[in-house]
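In: I would like the atomic coordinates for the input below:
(chains A and B)
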Amino acid sequence: MKNQEIARIFYQIADFLDIQGVAFRPNAYRRGARIIEELQEDVAKIKQRGELTGIQGIGKNLANKIGEYLKTGEIGLHNRLKREVPPGLLDIISVPGLGPKTAGYLYKEKGISSLEELEKAAKERRLRQMKGFGQKTEENVLKGIEMLKRMKGRILLGEALPIAQEIIEEIESKCKVERICVAGSVRRMKEAIGDIDILVVSEDPGKTMDVFSSISGVQDVIVKGRTKTSVYLKDGLQADLRVVDLDSYGAALQYFTGSKDHNIHLRKIAQKMGYKVNEYGLFEGERKIAGETEKELYETLEMTYIEPELREDNGEIEASQKGKLPNLVRLEDIKGDLHVHTNWSDGTESIEDLAKIAQGMGYEYIAVADHSKSLKVAGGLDEDELMLQVKEIRKINKRIKGFKILAGIEVDILGNGELDLDDSALKEMDVVVGAIHSKFSMSEKEMTERVLEAIRNENLDILAHPTGRLIGRRNPYEADIDKIMRESADTKTALEINCFPDRLDLNGPNAKRAKQMGAKISLGTDTHAASNLYFMKFGVGMARRGWLESKDVLNTWSAKEILDYLK
DNA sequence: GCCGTTTTCGGCCCGACTGTTTTCAGTCG
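Out: Okay, here's the model as predicted:
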């Protein structure tokens, strides 16, 4: 599917147009890019149905451009812009502090058209002689280029959330704050995030800023003002701290949580109602009429509170206006983990130790799902070993009170769609989780058939990490995900949200689609060591981003209910 | 380039911070 490629080209067109000084069109392309990027369905299919222009933000022109790309593999406007504007300028505007205007000036007036030339000019102290530049800007350019080299793209939610929590703890330990909360894409539980935003209410903003800009992880301070400080952390990740007054806390939290599209949509609604929204509150003329809490803000705009994970402008605002938002599943609703590994294959904990830790977390059950024999590197079990493990599990279950270990297996789905273990062995299991770990590069047709074949096996209960993507490292394999979801619903095979930070597969939009198709979702941490059990919160984040309620998620059910459903 | 419960034309979210300026443009989120 070509969605990501088209989105990338639209982003580039937007940047090129920006550099040329064109107004408004860049944002139209950028918005289109964001929409296409988030689509879970193949744009080619939407195009076939003639429904492209039905998507908010995609008009006749963008739809034609998409069609052009699908037909020819390129977009004429993009090619023309590449000839008119040196592509190296796109790198230049990615340097923090430099934007399209500056890039255009550097190229037109000074002939600088690549990051290398820019770095050279800065090092030779030629930049500071140029109009609008000074010594400080030149230094910042060099720092920015350094950071760009160090930091490649976004980082995983699983890495960002702990960093954010550490920052919050360090601030709290060193100065008195009345409120402190992570905002931005981390709060929305986006699977990959670009920077960390933290919001604070403090009686002594100056002191808080000082503490923040000197905490242990800080490499460099980018900006430091009265209400906003931005720093680079040592790994090149940017963190922003904002200080607001208590009576603006809700408005600020709403504003800095985003997403951008959600906020723009919200502001337009406010505007139509004769209000103005900013990070300080909701205003009617000069008078502030809401802002202390997010709930108050949304309700004043005649909608119900919208959970952060939903704020992507994907219909949540309309649903909220009609009072039709889902009652999202919560971490507290989770009664067990349906995918963990033990030292019988490549996990580090014993079955019993893992069970006890899980029970300590308040769970009622776990499903042990070690690897099967064809995954030799992971010490996969064959039929005999598996039967021994089942016996062992039954024995432990008799010893433990108020907790159940489900005997499961993560069985490999072989290239032809058959499962890696005999049906006679699989029949003995409480839960059979199936997964693809080999031959990722089949054609879409072959891969779809392979997965469908596996799902049709009556022993298969859960399809693990259904798309196979690894965030930032491996694309989903080519497969018709709609067909797979439909078949899963028909055969009562659950689809997994794998909670491992670099998988988070299904992601939010896919989970939403799965629900629409009637499939149930199973959360599995894919735990290989006890600390991995806590990845559950990331999986719940994806479920919430997928609009799932507790009834949609197996893990909120009792063990008996799960076994009854999967039977 | 997109959009429409005032509009098919004329708008397009809004404020903080910086550097280099004598009052602000550019960038960022």
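
In: Okay, now the unreliable bits of chain A?
Out: A:151-153 (pLDDT under 70).

In: what domains does the record give for it?
Out: A:3-150, A:155-244, A:248-321, A:331-566 (automatic domain parsing).

In: end to end, how far does the first one reach?
Out: For domain A:3-150, the first-to-last residue distance is 28 Å (Cα to Cα, to the nearest Å).

In: Now name the helix or strand holding A:G539.
Out: Per DSSP states H and E: A:G539 is located in helix A:536-545.

In: cool, and A:I484?
Out: Using DSSP H and E, A:I484 falls in helix A:481-490.

In: Go through that helix and flag the buried ones.
Out: A:481-482, A:484-489 (16 or more other Cβ atoms under 10 Å). Every residue, glycine included, has its C-beta placed from N, CA and C.

In: Counting by contacts, list what it packs against.
Out: Under the contact definition 3 or more Cβ pairs under 8 Å, 6 or more residues apart in numbering; DSSP states H and E, helix A:481-490 sits against helix A:444-456, strand A:494-498, helix A:508-516.

In: right, and the ones you listed - which one's nearest DNA strand B?
Out: helix A:508-516 (19.1 Å; Cβ to the nearest atom of the strand).

In: could you give the angle of that closest one to helix A:536-545?
Out: Angle of helix A:508-516 versus helix A:536-545, following axes from the mean of the first three to the mean of the last three Cα atoms, to 10 degrees, is 60 degrees.

In: before we move on, back to that, okay, angle between the helix holding A:G539 and strand A:494-498 too, please.
Out: Using the same axes, to 10 degrees: helix A:536-545 against strand A:494-498 is 120 degrees.

In: Next up, the contacts around the residue in the stretch 101-250 of chain A that DNA strand B sits nearest to.
Out: Minimum separation of the stretch 101-250 of chain A from DNA strand B (Cβ to the nearest atom of the strand) falls at A:G134, amounting to 2.0 Å. By Cβ atoms under 8 Å, 6 or more residues apart in numbering, A:G134 lies in contact with A:R128.

In: quick one: it and A:V141, what's the gap?
Out: Separation of A:G134 from A:V141 (Cβ to Cβ, to the nearest Å): 11 Å.

In: near DNA strand B, which residues of the stretch 251-400 of chain A show up?
Out: A:256, A:260, A:263-264, A:267-268, A:271-272, A:276-280 (Cβ under 7 Å from any atom of the strand).

In: If you rank those residues by neighbours, which is first?
Out: Counting neighbours by other Cβ atoms under 10 Å, the top entry in those is A:V277, with 23 neighbours.

In: so that one makes contact with A:I264?
Out: No: in this structure A:V277 lies outside contact range of A:I264 using Cβ atoms under 8 Å: 10.3 Å.

In: can you list residues touching both of these two?
Out: Counting by Cβ under 8 Å, 6+ apart, nothing touches both A:V277 and A:I264.

In: Torsion angles phi and psi at A:K120?
Out: phi -60, psi -50 (degrees, to the nearest 10).

In: measure it to A:I145 for me?
Out: With the distance defined as Cβ to Cβ, A:K120 ends up 11 Å from A:I145.

In: got it, and A:E116?
Out: Taking Cβ to Cβ, one finds A:E116 at 10 Å from A:I145.

In: Please say which of those two ends up with more neighbours.
Out: When A:E116 and A:I145 are compared on other Cβ under 10 Å, the one with more neighbours turns out to be A:I145, at 22 against 12.

In: The closest residue in space to A:G250 that isn't next to it in sequence: how many residues sit nearby?
Out: Nearest residue to A:G250, sequence neighbours excluded (Cβ to Cβ, 6 or more residues apart in numbering): A:T293, at 3.9 Å. By other Cβ under 10 Å, 15 other residues sit near A:T293.

In: Just to check, A:T293 is in contact with A:D247?
Out: No: using Cβ under 8 Å, A:T293 is not in contact with A:D247, being 10.0 Å away.

In: what's around A:D42, how many residues?
Out: Neighbours of A:D42 using other Cβ under 10 Å come to 17.

In: Kindly report the same for the one 4 residues further on.
Out: Here the neighbour count serves as a burial measure; for A:I46 (other Cβ under 10 Å) it reads 20.

In: my read: it touches A:L52, true?
Out: Yes: between A:I46 and A:L52 there is a contact under Cβ under 8 Å: 5.6 Å.

In: Show the contacting residues for A:E169.
Out: A:E169 touches nothing, counting by Cβ under 8 Å, 6+ apart.

In: what about it, which SS state?
Out: Following DSSP: H, G, I helix; E, B strand; the rest coil, we place A:E169 in the helix state.

In: got it, and A:K136?
Out: Applying three-state DSSP: A:K136 is helix.

In: So what's the residue count around it?
Out: That count, for A:K136 with other Cβ under 10 Å as the rule, works out to 10.

In: Can you tell me how far it is from A:L142?
Out: Applying Cβ to Cβ to A:K136 and A:L142 gives a distance of 11 Å.

In: Wait, a helix at A:G57?
Out: No: A:G57 sits outside any helix when classified using three-state DSSP, being coil.

In: Can you tell me how far it is from A:G408?
Out: From A:G57 to A:G408 the distance is 43 Å (Cβ to Cβ).

In: So between those two, which is more surrounded?
Out: A:G408 (26 against 15).

In: residue at max distance from the center of chain A?
Out: In terms of distance from the mean C-alpha position of chain A, A:Q129 ranks first, at 43.0 Å (Cα atoms, centre = their mean).

In: Return the nearest residue of the stretch 351-500 of chain A with respect to DNA strand B.
Out: A:G472 (18.9 Å).

In: from the helices and strands packed on helix A:481-490, which stretch is densest packed?
Out: With neighbours defined by mean count of other Cβ atoms under 10 Å, none of the helices and strands packed on helix A:481-490 is more surrounded on average than strand A:494-498, at a mean of 29.

In: Flag every residue of the stretch 51-200 of chain A that's near DNA strand B.
Out: A:53, A:55-63, A:77, A:93, A:95-103, A:128, A:131-138, A:140, A:184, A:195, A:197.

In: Mark which of those residues are buried, thanks.
Out: For those, buried by 16+ other Cβ under 10 Å: A:55, A:58, A:62-63, A:77, A:93, A:95-96, A:98, A:100, A:102-103, A:133, A:137-138, A:140, A:184, A:195, A:197.

In: Look up the residues forming beta bridges with A:Y365.
Out: On the basis of DSSP bridges, A:Y365 is bridged to A:G336, A:K404.

In: mind listing the strands for the stretch 101-250 of chain A?
Out: A:155-156, A:179-183, A:192-193, A:195-201, A:218-224, A:228-233, A:238-244 (DSSP state E, counting those that start in this stretch).

In: need these in a markdown table with distance to A:E307, can you?
Out: As requested, those are exported to a markdown table (distance: least, Cβ to Cβ, whole Å):
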| stretch | distance to A:E307 |
| --- | --- |
| strand A:155-156 | 21 |
| strand A:179-183 | 14 |
| strand A:192-193 | 18 |
| strand A:195-201 | 17 |
| strand A:218-224 | 31 |
| strand A:228-233 | 26 |
| strand A:238-244 | 21 |
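
In: Roughly how far does the most centrally placed residue in chain A sit from A:I413?
Out: The geometric centre of chain A, computed from its C-alpha atoms, lies nearest to A:E191 (Cα atoms, centre = their mean), at 2.1 Å. According to Cβ to Cβ, A:E191 and A:I413 sit 24 Å apart.

In: A:T137 now?
Out: Distance, A:T137 to A:I413, using Cβ to Cβ: 56 Å.
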